[in-house]
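Enquirer: Got a sequence here, can you model it:
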Amino acid sequence: MTGSLVLFEARRLLRSPVLWGAAALALAMAVAGSSAWLPDMTMVTIGSVTASTIVGAAVLISANLAAGRDRRHGLPETLGALPGRAVTRTRAVVLAAPVVGALIAAVMIAAHLGYVWVTGPVAGRIDVYEALGGVALAALAAGLGAALARWTPWLVVPPLLICLLAFAVAVNPRGEYAGGFLPLVLEHSLGWGPRPSREHLAYLVALGVVLAAGALLRHGLRPVRAVVLLTALAVAVPAGMAATASARSGTKLPAQVCRAYEGVSYCVYPEYVAWIPVWGRALHPVLSAVPERARARIPVVRQRVASPGAMLETDEPVTWTVWSTDPTLHQALLVGQVAGAVTGLTGCGTGRAQAMVALWLVGRAGPLLDAPPPQAWRPHGPDLPVSMKEVPMGADGSLVVPGQLHGAQYGDAEVGYARRLLERPDAVERVRAHWDTLTAPGTTIKQALPLLGLREEFPVKEEPCP
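Expert: Numbering: from 1, shown residues only. Here you go, the predicted structure:
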């Protein structure tokens, strides 16, 4: 009889529009979330598992309703005349629901990972243990739903518990406080070292067994149930402690490898080599407009672990271990760094031809924004001027950038003349022909205008370097 009930419950759950609808919603959210970034499969896997919690929530409620149906609407009296006992019905749910939930979660996670892998270019690696953790989480949710149905008569408990678990994960996104015992940890950074995904998977599987056994214990203490429960607890607690202890333990970053692309050297972590052509294409409008000899001014473009201080720790142009697909964010930062480097621009002074040419190069690669207001160059409050950018830098925060030439001051005149230069069809020829003069530190905008075929139009505020 148990086998027949298991098949019945499994078929019923597999036909559930709630579970497949949850999987479709989770997949849509995962795709939408990953589309904003170049795919780092380490982070994509975490995103897939995070989205799969929608499936887990649906499985928890479905298993709760299935395991508790014989306690509602007079069914206890009706079923009392049948040969099957309540423990048999509970056993059927705790055997069928975890398998079905795990299967649907696996389909959703595999579909997302496969889609991202095909669309590429991918960096990082798929953490198989992390992905299996999402599958185990759905199975655990099924056991939790069944246990709640047997031990609590109130239907409000499952959704309330889901909200409490979501809150616990949201307020501890890095897993700094007993993170190994959470259902999942939302955030990660390459600098934190490898995630304890293997230990966490062992914890989730063991906890799922604990919950399933707990559901059956509602029907009485039996030696097999007690042994299974105690054995699973003996695995779950040390596994959770091990996952907590090893989280953010730190690790030595791998040695970088260097590759040349269109005459520029990129030094990156080995798993991110596939991103170099993306950076190269972003810089192509800049590099194609300058004389060949000018490229020798560009230092190595070096990848760093994403953090707000990454651009402040070196004079080299910087890329990161995260990369937004929005061209006005990370791409704009890289273009601004390289445009400043290739023109020899330094941070002080305004009214220089160097800044105007650098902004022209930036405008060739993307939108050219208005100049930031004067207060943007000083410490600012939480209200950012429109022309300033807050760029997400992964789990460690964000970077506020005052203008498109990071660290170099400029004003409305530089932007205005750069826009006029962008309108000229002979701009590239004129800039190349007078490159040395235009990029000399002492050349002012007024001196550069005749060389570029531009007329005086905007008031120039010349502030020389001290």
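
Enquirer: CA only for contacts and neighbour counts going forward, please
Expert: OK.

Enquirer: Tell me the spacing between L165 and L399.
Expert: Shown here: L165 relative to L399, a distance of 31 Å by C-alpha to C-alpha, to the nearest Å.

Enquirer: More neighbours: which of those two?
Expert: L399 (17 against 14; other C-alpha atoms under 10 Å).

Enquirer: What residues are bridge-paired with that one?
Expert: V391 (DSSP bridges).

Enquirer: Might one say that it is in contact with E390?
Expert: Yes. Checked against C-alpha atoms under 8 Å, the pair L399 and E390 is within contact range at 5.6 Å.

Enquirer: Domain-wise, how is this structure divided?
Expert: With domains defined by automatic domain parsing, the chain comprises 2-246, 257-452.

Enquirer: between these, which gets the lowest average pLDDT?
Expert: In terms of average pLDDT, domain 257-452 trails the rest of the domains of the chain, at a mean of 85.

Enquirer: Distance from that one to the middle of the chain?
Expert: How far domain 257-452 lies from its chain's middle: 25 Å, per C-alpha atoms, centre = their mean, to the nearest Å.

Enquirer: okay, how far is it across it, tip to tip?
Expert: Length of domain 257-452, first residue to last, C-alpha to C-alpha: 40 Å.

Enquirer: wait, isn't G366 in contact with T328?
Expert: Yes. The criterion here is C-alpha under 8 Å, and G366 meets it with T328 at 7.3 Å.

Enquirer: list the buried ones in stretch 325-343?
Expert: Residues of stretch 325-343 classed as buried: 328-343 (neighbour count, 16 or more other C-alpha atoms under 10 Å).

Enquirer: Out of those residues, which is nearest to P39?
Expert: In terms of C-alpha to C-alpha, no member of the buried residues of stretch 325-343 lies closer to P39 than H330, at 14.3 Å.

Enquirer: pretty sure that closest one contacts G394?
Expert: No. When contacts are counted by C-alpha under 8 Å, H330 is not listed as touching G394 (11.5 Å).

Enquirer: quick one on the thing from earlier: any chance of the domains of the chain in JSON lines with distance to P459 as columns?
Expert: Output for the domains of the chain, formatted as JSON lines (distance: least, C-alpha to C-alpha, whole Å):
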{"stretch": "domain 2-246", "distance to P459": "40"}
{"stretch": "domain 257-452", "distance to P459": "6"}
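
Enquirer: got the residue ranges for the strands in the stretch 151-300 of the chain?
Expert: Residue ranges of the strands in the stretch 151-300 of the chain, as given by DSSP state E, counting those that start in this stretch, are 257-261, 264-268.

Enquirer: The last one relative to strand 257-261, how many degrees between them?
Expert: So the one you mean is strand 264-268. 150 degrees (axes from the mean of the first three to the mean of the last three C-alpha atoms, to 10 degrees).

Enquirer: ok, residues contacting strand 264-268?
Expert: Strand 264-268 has contacts (C-alpha atoms under 8 Å, 6 or more residues apart in numbering) with 256-260, 276, 295, 298-304.

Enquirer: strands paired with that strand, and their directions?
Expert: If you go by DSSP bridges, strand 264-268 pairs up with strand 257-261 (antiparallel), strand 301-304 (parallel).

Enquirer: Check which element follows the shortest one along the chain.
Expert: Right, strand 301-304. For strand 301-304, the succeeding helix or strand toward the C-terminus, using DSSP states H and E, is strand 318-320.

Enquirer: Go ahead and name everything in contact with that following strand.
Expert: Around strand 318-320, the neighbours that count as contacts under C-alpha under 8 Å, 6+ apart are V301, R302, Q303, R304, V305, A306, A310, M311, H330, L334, Q337.

Enquirer: Tabulate those (TSV), appending distance to K461.
Expert: Formatted as TSV, the contacts of strand 318-320 follow (distance: C-alpha to C-alpha, whole Å):
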residue	distance to K461
V301	32
R302	34
Q303	36
R304	36
V305	38
A306	36
A310	31
M311	28
H330	30
L334	27
Q337	23
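
Enquirer: which residue ranges form the helices in the stretch 151-300 of the chain?
Expert: In the stretch 151-300 of the chain, the segments counted as helices under DSSP state H, counting those that start in this stretch are 157-171, 197-217, 223-246, 276-287.

Enquirer: Tell me which of the ones you listed sits nearest to V100.
Expert: The closest of those to V100 is helix 197-217. By C-alpha to C-alpha, the value is 13.9 Å.

Enquirer: neighbouring contacts of stretch 430-447?
Expert: With contacts defined as C-alpha under 8 Å, 6+ apart, stretch 430-447 is touched by 289-291, 343-345, 351-354, 356-357, 414, 448, 451-452, 456, 460, 462.

Enquirer: List just the one of the strands paired with strand 264-268 that sits closest to L25.
Expert: strand 301-304 (34.3 Å).

Enquirer: Restricting to C-alpha, output the closest one in PDB.
Expert: Provided in PDB are the C-alpha atoms of strand 301-304 (Å, rounded to 0.1, in the frame of the first residue of the first chain):
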ATOM      1  CA  VAL A 301      44.900  46.700 -17.800                       C
ATOM      2  CA  ARG A 302      44.800  44.600 -14.700                       C
ATOM      3  CA  GLN A 303      41.800  42.800 -13.200                       C
ATOM      4  CA  ARG A 304      41.100  43.200  -9.500                       C
END
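
Enquirer: Not counting its own residues, what contacts it?
Expert: When contacts are defined by C-alpha under 8 Å, 6+ apart, strand 301-304 is touched by residues 264-269, 310, 316-321.

Enquirer: For G250, give me the pLDDT.
Expert: G250 carries a pLDDT score of 61 in this model.

Enquirer: where does A51 fall, phi/psi-wise?
Expert: Backbone torsions of A51, given as degrees, to the nearest 10, read phi -70, psi -30.

Enquirer: OK, contacts around it?
Expert: Neighbouring residues of A51 by C-alpha under 8 Å, 6+ apart: A26, L27, M29, A30.

Enquirer: try 10 Å this time
Expert: Shown in contact with A51 (C-alpha atoms under 10 Å, 6 or more residues apart in numbering): 22-23, 25-31, 33, 45, 105, 108-109, 112, 134.

Enquirer: And G180, by the same measure?
Expert: Counted by C-alpha under 10 Å, 6+ apart, G180 has contacts 196-197, 199-201, 203-204, 237, 239-247.

Enquirer: Relative to G344, how far out is it?
Expert: Relative to G344, and taking C-alpha to C-alpha, G180 is found at 49 Å.

Enquirer: coming back round to it: now that we have the contacts of strand 318-320, which of them are buried?
Expert: Buried by 16+ other C-alpha under 10 Å: V301, R302, Q303, R304, V305, A306, A310, M311, H330, L334, Q337, out of the contacts of strand 318-320.

Enquirer: okay, among the residues you listed, which ones form the most distant pair?
Expert: Maximum pairwise distance among these (C-alpha to C-alpha): 17.1 Å, between V305 and Q337.
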